Each structure stands twice: as structure tokens, then as C-alpha cells.
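Enquirer: below are the sequence and a predicted model for it; my questions follow.
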Amino acid sequence: MAGFGRHFFFAVVLCMVIITVCAQPSTTLTDRVSSFYQPFGVQDDTIITDGQMTASSQLNGSEAFRGRLNGDGAWQPSGPVSGQGTESLAVDLLYARYIFGIQTQGQGDGYIETYRVIYQRDNTSNVILYSEGGGSAKIFTGNSDDETIVQNNFTPYIYARYILVNPQTFSGASRLRVELLGVDELPITSFPTTTPSWTTTQSAVTTTTSTTPLLTSSATTTSTRTAEAGTASQGPNTAVTGN
């Protein structure tokens, strides 16, 4: 009887382990990689230079290169911002990378409430509206004040060189600061269990999970400081595919 009791006990424990494992929610690649992806350095002009940031239009004093997370300025378009509009802030990462998330801030007297994202693998390919599951272009929920950082994750992730943020609605003034998050290469075998130190969160971060493709961006204009930084690229293509 003692032997039967031990076998019965081990059988019960094994069943409990199996039930616990099966009950665990499935995780996406974005969920797993989020434990160690890093900011690409948009907030640091020695990493992402002024010449790598362009815009469809810009106000004097609110040029594209000022649209850096935690910076003392922000990008603001000179044209109107509205749903399905073409105003956009573009970041050139110089080569295609795996992008898993974006952080946004407003600044001063305004912020972007909702926006879409478009991307382009290189400057010879079409610009694509981001969507989840092949559906319609998705609208991101942006900021609700001018300082809090709001993070949105991309599921699925984006593999691209160019990322464009297309504001849809705003409060006060259409002012925007951004940072992009991701990795240069996807992990093959295992995922680190520790989270690296963040360099982008000087303000509180609110995280949501949403995404959105963007409309076509009109020809981007380089910032007034591009000459100081040198020419980074030819800039993103303006042809758009997607819903």
C-alpha cells in the first residue's frame, strides 16, 4: 500500500504540473523580445543624427530634428493635422532593423492624441501602412498630456529602415517627440531573463498595445541643421501600399 500511495502522489503532482503549464498564456515574439530590446537612440543626436530625421513640413523652431524623446523641443508640422492627412515625421535608421515598439511625448502646449505608422524597408521599396493581421490601418492611442511617455508595441514587429509617424488627432498644438525600440538581429535560441537598463524614461511611461499604418507622406524636407550633420540618405519613398 505504501508503494501505491507514493505512485498515486507522484501521479497527482505530475497532473498538476501539466495543467499549470497548459494554462499558461501563449506569448508572442514581441512579448519575449520586449524583455531586452533597446531604444535605437532617436533621443540622442550623436546616434540618430539631425540628417536622419525629416518631415513632410515643419514650423521654424519646431523642425523634424527636434522631435526627440525627452528633448527640449518637438516637431510640429506647418500643415493641418487631420484624419487621413499626410503630415508625418520620418526617422531613417540607416539600414533595416527589427522594430518592436515606439514611445511618444507631446511638448509645451500640445500633444498628438492618435497617430498611424508607416514603414519602408529601403528607399527603393513601397511605403506600407502598418496593420495587425493584414487588416485595415491601425490607429495608435497616443498622448493625453505634454510630458508623459506613452509606449505602443508592434505585434507583429516591423522590419524596416524608415519609420514614419502620421498624426491623426491632437490637443492644443500638434507637437511630437519620439523614440523607437527594437533590435538589430532576432535571437535564435534563447531569450535573456534580465531587462536592460532603459535610457528613455526620464518621465513616467504608460504602455498600451496598439498599432496603426499611416497614410502617404508628402516629400520630406530636411531640417535646417542637416548641413551640419551631413546627408544621411535619399529619404523614404512616398508611394504607399496597404489599406
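Expert: Received the coordinates, thanks.

Enquirer: is the residue lying closest to Tyr157 once chain neighbours are set aside in a helix, a strand, or coil?
Expert: With sequence-adjacent residues excluded and distances taken as C-beta to C-beta, 6 or more residues apart in numbering, Tyr157 is closest to Phe100, at 4.9 Å. Heads up, the C-betas are built off the backbone N, CA and C, glycines and all. The assignment at Phe100 comes out as strand when based on DSSP: H, G, I helix; E, B strand; the rest coil.

Enquirer: burial count for Phe100?
Expert: Per other C-beta atoms under 10 Å, the neighbour tally for Phe100 reads 22.

Enquirer: and the gap between it and Pro236?
Expert: 20 Å (C-beta to C-beta, to the nearest Å).

Enquirer: one more: Asp72?
Expert: Per C-beta to C-beta, Asp72 is found 26 Å from Pro236.

Enquirer: more crowded one of the two?
Expert: Just comparing Asp72 and Pro236: by other C-beta under 10 Å the higher neighbour count belongs to Pro236, 26 against 9.

Enquirer: now Gln52. Its backbone dihedrals?
Expert: With angles defined as degrees, to the nearest 10, Gln52 sits at phi -90, psi 0.

Enquirer: correction: Gly51
Expert: Dihedral angles (degrees, to the nearest 10) for Gly51: phi -70, psi -10.

Enquirer: got it, and Phe65?
Expert: phi -70, psi -10.

Enquirer: distance of it from Ile158?
Expert: 22 Å.

Enquirer: neighbour count winner among the two?
Expert: Phe65 (25 against 22).

Enquirer: state the distance from the residue nearest to the more buried one when sequence neighbours are not counted to Leu69.
Expert: Spatial nearest neighbour of Phe65, chain neighbours left out: Asp50 (3.8 Å); criterion: C-beta to C-beta, 6+ apart. The gap separating Asp50 from Leu69 is 15 Å, by C-beta to C-beta.

Enquirer: thought Thr148 was touching Gln105?
Expert: Yes - with contacts counted by C-beta atoms under 8 Å, Thr148 reaches Gln105, the gap being 7.2 Å.

Enquirer: and the two? which has more neighbours close in?
Expert: Higher neighbour count among Thr148 and Gln105: Gln105, with 30 against 15, using other C-beta under 10 Å.
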